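Undergrad: structure for this input, please:
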Amino acid sequence: MGNNKSKPIQQQDAYQAHWSKNQAQELRNLQKQEESIQNAKKQQLDKMKVETDQKLIQIKQQEQQIQKFEKGQQTTQQLSFSPQQINLKIQVSFKKPQLLEESSQVDLSQKEEKNKESKAVLTSNVSSNNNKCIIQNNQQEIQLQQVQKDSQQQDEYIGLKQGQNIIQFDIDQQVEQNTKLSDEQQIQQEVQQQSSQKMQQETQQQITQHNNSQGHVDTNANEEAILKRCFMINMKELKISNLYAKFLEKFSTITSDIILCDIINCVLSSEQYIQTQKVTWLVFVIINLSECKVFDDNVIFNEGSISKQVWTKLINAVLDKLVSAVAKPEKLEWLGSREDVNSYTNQENTNASQVYDMLFGQQKSKNFEFSFENLDHPAIYQLLTYLDTKSQQKDTQRFLELITKRELSKCQQVNLSDCVNQQRALKLLDKLSFYPRITELLFEDSWAYGKFQQYKNGRDLQKYSIFGSILCLSTFPRDFPEVNKIFCSDQGLPILIECYRRPIYEIINQMADIFLRIIRRGKKSQLELFTYLVKLIEINLDIEKVTEKEKFDKCCYQGMMFNLQQVLLEIFNPFIYNTNQANAKLSKINKDLLAQIKNQPLLAKIYSNVKQMAPLKTELIQLDKTPEIDPMTFLYLLIQKINSLQQHMIIDYVISYVILQYDKRHFGSSSKLTQQSEIDKAKYDVLLLNPRSVQNTIQFLSFQSKVAQSLLDENYKPKYPYGLLSNQFMNDIFHYCFIYNSNNLALDYLDEVISICEFTIITMKYQELIEDTHLRVLGMHLFYIFNDYVIQQQHGKASDKAFKIFSENKVIKEFLIEGLIKAYVDQDKVKVTNIIPTFRFKQAVSQLFSYILTTHSNIYNKKFVDYVQSNTDTYSNFALAYINDIKELLDQCLSTTQKLKQEEDSAQTVQVRNPTLQERKEKILKQLFLEIAEKKCLGDWKGFEELFKNIVLFTKIEPKAFLIEESRQTFTENLNYVVVKLNGPENNNCLTSKFFTKYDVKIEPRHLSNYIVDIFINIKNQQEFWDELAMNNSTLQLEILHQLVNQMGYLKLKTQYQLQEFLQIINSLQQLKIDYDQFFRELQQDPNRQRRFIDSLTQNLMTDPVMLPNSKQIVDRVTIKRLLLQKKQDPFDRSYLSVEMLIEQKELKQEIKSFINVKIQELRSIRHGSKQHLK
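TA: Coordinates of the predicted model:
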């Protein structure tokens, strides 16, 4: 998370410390506003001395005020909470107190330092004021500077409750005059300086005496004055709060007992006051009583002090009446409230509305900006403390319901450009979170976090809870259509993104602080929070059903789920901030909780489909008791589940990105379509590409990969059932990494990306870990992000990173070759993917193959050779799929090219003279779509080239790469097919289309035949290649090969030596064709042998005949194995068939072998002479 989190402490000490600082500031302000001293008249020196003595008397009076403050007194600050009730306004400005862990104790030294600072500032200001009183007589502006001299500096200590405060009094003060003084003024100044020094000496003596008395305070000083001011009693005019109160006649003095027993009841029961006036009086009494300094035995006010016991009785009595006035007015014999706390529209309780406006409501400061500082006033602290500890639970709950309902009505007013209402509501939630019982009641059922008993769906929770109204803020188009008006131009998009991102992420961070505070409170609070979050997720599970519009529209906004995920990540990610921390925290994940996820009462509700998400790989061992809730594991599972609820939002973003790239490629960056696509993407960038969001998400995905690997044993077998939940994990990593890579952000977190790649490679090696082929392929799409990475490496921009990824990581080095091969095969089975087209993904795999087999050949070439020689079914599938893709992609390219050539020719022949406006528009539109099709066709040709040239690389490393039994026939056939299509007469016209050289990406299809020469040279010494050509040469086009030699020589694409070598191969092939024709004619002369020796499917000579058990047909083993790789069924009757079911025909096999041995020897002897000639 990176940010320092505020930690809870004892609230009273925190408020008192900061209130003390505020009072010091207020004292300075009051002193500045004192009545200005009249200008001193020019008099004789003796009269001036008399006036100076009078000033000293005033200074001594101020010193007495200082002494009172040092005993704990504070000046009164008048506050107003409702402009409608009173003309005064709140002017309170605090900083949020730093919060420590609740379990920690307040450091005495810290409190001492704060008190020292407050007293030092106060004393300095008073000293400054004394000089001003003197110097202002001369109408001069004087700058006061404190001069500290080692010989004159004294440390004065005044004992307070929990430590001593140091006040440094400056003995000497230098006075610098801005203008030259007259002689009389200089004399006057000297007298004033002497008087000031005398005053300071007397003050020092008084402070020393005070220090010796150790801060003793008279607890009964001025009690009546305090009570009169706090309860706004005017005995002379018989008024209370400016309202006539005749019942005051019977009291000669005001005591606490009189107030408790008589005055409070008289005011509240009097019929001459309306309820609004009574509530106003109660609120201001609480404000006055809370503006004090509370110690263990006494409470200090400006006028004096009273005992803490008396003060506690007074404030609790008033708070009891105020809470009753709101929650239970009938208790005061007032008119009862008909307001239903469970009805959002019913707000008939005027007392609640008034208290909310005066104490909690949003205020406006002098500059008409909104201010939330009234929530920092100690009156709020006293009220919430009373509700949390002393009030009856029903009264507390009803009071909170009435207040939070009114806060919700403001919070629902959403303005994305100004989140002031949401910030105000979040400030209130933050205050309430300091109180355990209040927090418990709010999570249970409230307008603050949700009334789940009334809600029918997630949209209700979002609309009718403060939490939902705060956290739903987003710029996702599905959430707030008005975003389209904000992002209406592509100008200044970065500024707009930052403008709307900042307030939303401030809300996310503050909400994370609240949750973290609750988690640190203990297990009970953790359970309350986690129960609430599970309810929130459960009521929004239908958000995954985006195609079912009715259900989807009843869920909360996608932005709310995203923001909630970010809140939890802000709490979780500090534990996994780097690789070392993440590795250390793996052991903290409760494996039993993961394994027993369906039996955990809370998690079972949101993980009900766990079997679909992760197959049960090991036997579930039932535990004696359900695993305890572990905060870290529980947060891990909650975040993982929320990720799954965001898939459609992520896909929406990916679609916006793909459309943008399409528009850029085909219409240009300056087109209106591209600009609109930029805007659509920017709406998602606000949240998804926030640096903090990217970091948190990718670190969590990396940690998920580490957790997944920790649940496997040394043989990569699962040790725990479920737990891994790897199916969902594979979805998450692909979508997020695709987004980050598309915006050039993924490789900024290279260590995390490598960690993610490790597990995806493992799942391709051990595919039983994830049985769903689609998901395995989706996971391997992660390697698509390395395409641009490879390109950077080729340009020398990322060599260090490339070395780290492919050369240092043990898992990737061990499993990458096999993983890529299996991913290619799985992709061939799936055929379609969510985002990346099939051939585009295969092209990416080919590029990665090319990179690792060339740049890191010392590591991966041997592994590739070993895998080929293992001749597994997986590699056989890969070889067949790869060479078939060559043919399929070539056909696709040729088909598109022919259509474009026809369009090109028709455009040249059709010429319209004087076209109409409509005809010109149609022509422009047609030309636009033609350019799009041409660019797409060029992209397909580049993909074909990427795949085809890799055959050169594969056969160079391992010449037998495509000459294994199952693929060599298809390999030779498709190789000849490419030769014919690229060099035959049927495509001469279309392969000369102008669009091949029209754009930046230029390609010459005929030049691709250059790779054919390399392939033939690479495999010329392989016996299997010659045997396959000899036995199955019906498609061999020697004439075209001769043309290819001439073409390569003319274009100088090959050296003379390479062409000569290729020409010798062609001559040998020509001789083989003659010999094969003779061999086949001899076979046809024996019909019986021909019928038995020829494969009924391929019409080729069999070498290993087998019988199919159901249809009783005899075919070559190679033929049927190749078919069974695609589909396990008998090609004759479509019954189930596997390789193990084939019936070997030993006698027929031996007979065929005996027949062809003679012919093979004859052919090889002829071929041997050809090879000698080649050498």
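
Undergrad: shouldn't Gln453 be within a strand?
TA: No - judged by DSSP: H, G, I helix; E, B strand; the rest coil, Gln453 forms no part of a strand; its state is coil.

Undergrad: quick check: domain ranges of the chain?
TA: Domain segmentation of the chain under the TED database yields 562-777, 1086-1173.

Undergrad: tell me the most buried of those domains?
TA: Greatest average neighbour count among the domains of the chain goes to domain 562-777 (a mean of 19), per mean count of other CB atoms under 10 Å. All C-beta spots, glycine's among them, are computed from the backbone N, C-alpha and C.

Undergrad: sorry, back to before: take the domains of the chain and write them to JSON lines, including mean pLDDT and distance to Phe301.
TA: JSON lines is the format used below for these (pLDDT from 0 to 100; distance: least, CB to CB, whole Å):
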{"stretch": "domain 562-777", "mean pLDDT": "81", "distance to Phe301": "42"}
{"stretch": "domain 1086-1173", "mean pLDDT": "77", "distance to Phe301": "92"}
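
Undergrad: mind putting those in JSON lines, distance to Glu440 included?
TA: Formatted as JSON lines, those follow (distance: least, CB to CB, whole Å):
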{"stretch": "domain 562-777", "distance to Glu440": "16"}
{"stretch": "domain 1086-1173", "distance to Glu440": "61"}
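
Undergrad: go through the ones you listed and name the closest to Lys545.
TA: Checking the domains of the chain against Lys545 by CB to CB gives domain 562-777 as the closest, at 8.9 Å.

Undergrad: just the terminal-to-terminal distance for the closest one.
TA: Using CA to CA, to the nearest Å, one end of domain 562-777 lies 26 Å from the other.

Undergrad: and that domain, how far out from the chain's middle?
TA: Centroid separation between domain 562-777 and its chain, computed with CA atoms, centre = their mean, to the nearest Å, is 11 Å.

Undergrad: which residues in the stretch 1001-1150 of the chain form helices?
TA: Along the stretch 1001-1150 of the chain, counting by DSSP state H, counting those that start in this stretch, helices occupy 1010-1018, 1023-1031, 1038-1051, 1056-1084, 1087-1093, 1117-1126, 1146-1174.

Undergrad: so for Glu818, what's the pLDDT?
TA: Looking at Glu818, its pLDDT reads 89.

Undergrad: that one and Phe878, how far apart?
TA: To Phe878, Glu818 is 10 Å away according to CB to CB, to the nearest Å.

Undergrad: quick one, which of the domains of the chain gets closest to Thr404.
TA: domain 562-777 (19.5 Å).

Undergrad: Glu818 and Phe878 - which one has more neighbours?
TA: A direct count of neighbours by other CB atoms under 10 Å for Glu818 and Phe878 places Phe878 higher, at 24 against 21.

Undergrad: packing partners of the helix or strand hosting Phe515?
TA: Element membership of Phe515, judged by DSSP states H and E, is helix 493-519. For helix 493-519, the packing partners by 3 or more CB pairs under 8 Å, 6 or more residues apart in numbering; DSSP states H and E come out as helix 420-432, helix 466-471, helix 523-538, helix 558-572, helix 672-688.

Undergrad: which residues touch the last one?
TA: By CB atoms under 8 Å, 6 or more residues apart in numbering, the list of residues contacting helix 672-688 from outside reads 474-477, 483, 487-490, 493, 496-497, 500-501, 504, 559, 562-563, 566, 652-653, 656-657, 659-660, 663-664, 667-668, 693-694, 739, 743.

Undergrad: which SS class is the most centrally placed residue in the chain?
TA: For the chain, the residue whose C-alpha lies nearest the mean C-alpha position (CA atoms, centre = their mean) is Ser693; its distance is 3.1 Å. State at Ser693, reduced to three classes by three-state DSSP: helix.

Undergrad: does it really touch Gln566, like I thought?
TA: Yes - counting by CB atoms under 8 Å, Ser693 touches Gln566, with 5.9 Å between them.
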